[in-house]
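Undergrad: sequence and predicted structure are below.
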Amino acid sequence: QLALLPPRYVLVLLDLQLPGMSGYAIASWYREHVRSAAARPPWVVAISADPDVDACRDYGFDRCLPKPLTAEVVAMLSRQLLAVSAPRP
């Protein structure tokens, strides 16, 4: 039965400047269909060339980071977010 369960993600990185679709539109869909159903939703982080922190917050992102994104930034972010043990709404 475990093989039939979808994978449990703890961190989702989403580029906002995608060809043909807004990252904000994906975030809205994700929040409505996936994140709201998760017992412990993953952290969702927006990646943007020109980050708009207010828009990111409005669309339910946990963080908004500027491009270019480096491996060091991802590692630091992962350590920070995954170290938080309190459940989030």
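TA: Thanks, I have the structure now.
Undergrad: quick one: mean pLDDT for the longest helix anywhere in the chain?
TA: Using DSSP state H to define each element, the chain has its longest helix at helix 71-83. For helix 71-83, mean pLDDT is 86.
Undergrad: tell me the confidence at the residue nearest the centre of the chain?
TA: For the chain, V44 is the residue whose C-alpha lies nearest the centre (Cα atoms, centre = their mean; 1.4 Å). Confidence at V44, expressed as pLDDT, is 88.
Undergrad: what do you get for R57?
TA: 91.
Undergrad: nearest residue to it other than its sequence neighbours?
TA: Of all residues beyond its chain neighbours, the one nearest R57 is C64 (7.9 Å), with distances taken as Cβ to Cβ, 6 or more residues apart in numbering. C-beta: built from backbone N, CA, C; applies to glycine.
Undergrad: I figured that neighbour hits D50, correct?
TA: No - applying Cβ atoms under 8 Å as the test, C64 and D50 come out as separate, 10.2 Å apart.
Undergrad: who are the contact partners of C64?
TA: Going by Cβ atoms under 8 Å, 6 or more residues apart in numbering, C64 touches V45, A46, S48, P51, D52, V53, C56, R57.
Undergrad: could you do A49 as well?
TA: With Cβ under 8 Å, 6+ apart, A49 has these contacts: Q17, P66, K67.
Undergrad: and with 6 Å instead?
TA: K67 (Cβ atoms under 6 Å, 6 or more residues apart in numbering).
Undergrad: got the contact list for the residue nearest to the centre of the chain?
TA: V12, F61, D62 are the contacts of V44 under Cβ under 6 Å, 6+ apart.
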